[in-house]
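> need a structure here:
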Amino acid sequence: MNNIFIGRQPIYDQELQVHAYELLYRDSSANAATHTDDDMATAQVVVNAFMDFGLDRIVGDHQAFINMPRSYLVGDLPLPFPPEQVVLEILETTPIDARLIKAVRELAERGFTIALDDFIYHDKLKPLVEIADIIKIDFMQLGPDEIHDHLVILKDHKVKLLAEKLETPSDFKLAADLGFDYFQGFFFCKPNVVESRTITPNRLAILQLLAALQNPDAGIADVEKIISTDVSLSYKVLRYLNSALYSLPRKIESIRHAIVYVGLPTIKNWFSLVALSKIDDKPQELVATALVRARMCELMTPKEKSAEMFFTVGLLSVLDALLDQPMPQIMRQLPLAVETKTALLNHTGPAGHALACVLAYERCEWGKLEAVSRSVDLTKLFVESVDWANAAVRQLASGEAANG
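Residues are numbered from 1 along each chain as shown. Okay, the predicted model is just below:
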C-alpha cells in the first residue's frame, strides 16, 4: 500500500473545548475498500499508520475514537493501543452474540472506554448499553422525536451521550438543550449564519484589522504602525518569532526588525492569526484548524509560487466559521489580492486547488484525492502540519499566559 489516509474530526465537550478526535480512514485513495474483508483492511491501515506516525502526533493528549472491527474486539488480533487514550467504537453493523459481549466487557475491565456508534436501540443491544461508557446518536438518522425517545430509554443508564453528524445550528441547539455531553459534526467548521445578523463589535474590529493588514498595498511602515498600536498583539507576534517554531539565529527585538528579517507576508500572517485567536466565543480548535490548513497549503506550494500566499489562503479559510458570515460577504470587506480571493471563494488557481485538496482530506473525501495522492504523500503532509500546528497553538497559549 503506497498511501495511508488518516483524517480526524474533533469531538467537543459542553464548553466547546476539544475532548477527543475521531480518526477516520480508508485503505486506499478511493473512498472504498479494495479488500474482501473491509473491516480488517481498514483496521490494518490504522494500525500501520499508528506505527508509522504515532498516536500522540495525531491526537496529542486527547483521546482517539476508533471504529473497531469485530476481529479486534473479540481478540482474534491484538489491540496495539493504550487503554487510557483510546475509545473503542462498536459499529452498528457488528454482529452481537455472547462472545462479543464477553469480549467487550473484558476490554472495559482493562480500562478501555467503550462507545456505541450510530446507536438505534433494540433489545439485542441492551447488554452492550450496560457496558458502554458513551453512546453516539446520529442526528442525520433520527428525528427530534426519535432522539427524545432514545434519551428516555437511556436515562437510567450511566452513559455519556454524544450527538454526532450535527450539520446545522438547529442540530447543535437541540443537542445542547437535550443535555448531550459531547458534540461532533461539520457544523463546527461551518458558519452559524443568520442573514439578518449584524457582525458583533469584537468581530467587526478584528475584520477591520484584517482588512488593513492583508491589504496588498500595505507596506512595511503601514504594517509596523498597525501592529505597534496594540502592545498585546505585538508582544505575542515577537514571542512567536523568537520561539522554537522558527529557531532564528538571532533574537528579534522589534516589529520593524521582524518585518525586515522574516518578511512582510510572514508578519502579516502571524499577526492575522493572533488577531483571530482573540475571538473568544468560538472553539479554539478553529484556530488549530486554520493552522493545519495553512501549513498543509504551504507545504503543497509549487516551486514557482509564493508559499506565504498559500499559507494565507489556508489561514483565512476559517473566516466564515469564526465570523459567522458567508465567505462572499467577508471577501467584499477584505481588500485581498484577486488570486487570494478566488482561491478562497471558488477554489480556483494553484492556491485554490491546494485548499480544495486540504479540505477534501480534512473531510475524509478520499475519492477526490486519488490523482493528487499519486504524486504527494498527503498523510505525511497532514501529520507534519498537525505537529506544527500543535506547537504553534502551545506557543499561542503560553503567550496568553505570559501576557495575562
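> contacts, neighbours, all on C-alpha from now
OK.
> Burial check on Gly75, number of neighbours?
Neighbours of Gly75 under the rule other Cα atoms under 10 Å: 13.
> if I pick the closest residue to it other than its chain neighbours, what's in contact with it?
Spatial nearest neighbour of Gly75, excluding adjacent residues (Cα to Cα, 6 or more residues apart in numbering): Ala103 at 7.4 Å. Residues in contact with Ala103 (Cα atoms under 8 Å, 6 or more residues apart in numbering) are Leu73, Val74, Gly75.
> hang on, isn't Asp387 packed against Val59?
No. Judged on Cα atoms under 8 Å, Asp387 makes no contact with Val59 at a distance of 9.6 Å.
> Between the two, which is the more surrounded one?
Val59 (22 against 17).
> Of all residues in the protein, which one is nearest the centre?
Thr289 (4.8 Å; Cα atoms, centre = their mean).
> Quick check, pLDDT for it.
For Thr289, the pLDDT comes out at 92.
> same check, this time on Lys124
Looking at Lys124, the pLDDT reads 89.
> ok, now which ones touch it?
Here Lys124 is in contact with Ile96 (criterion: Cα under 8 Å, 6+ apart).
> change it to 10 Å
When contacts are counted by Cα atoms under 10 Å, 6 or more residues apart in numbering, Lys124 is found next to Pro95, Ile96, Asp97.
> CSV for those, including pLDDT and distance to Phe310?
Output for the contacts of Lys124, formatted as CSV (pLDDT from 0 to 100; distance: Cα to Cα, whole Å):
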residue, pLDDT, distance to Phe310
Pro95, 90, 47
Ile96, 92, 49
Asp97, 93, 52
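> Sort out for me which of those are in helices.
Among those, no member falls in helices (DSSP state H).
> Assumed Phe65 was part of a strand.
Yes. Phe65: assigned to a strand according to DSSP: H, G, I helix; E, B strand; the rest coil.
> List the beta-bridge partners for it.
Per DSSP bridges, the residues bridged to Phe65 are Glu22, Val87.
> And for it, the neighbour number?
Counted with other Cα under 10 Å, the neighbours of Phe65 add up to 24.
> That one reaches Leu91, doesn't it?
No. In this structure, Phe65 is not within contact of Leu91 by Cα atoms under 10 Å, at 11.8 Å.
> Find residues that contact each of the two.
What both Phe65 and Leu91 touch, as defined by Cα under 10 Å, 6+ apart, is the set Ala115.
> now the helices for the stretch 251-400 of the chain?
For the stretch 251-400 of the chain, the helices defined by DSSP state H, counting those that start in this stretch occupy 255-262, 264-276, 285-299, 307-316, 319-323, 327-333, 338-346, 349-362, 370-373, 378-403.
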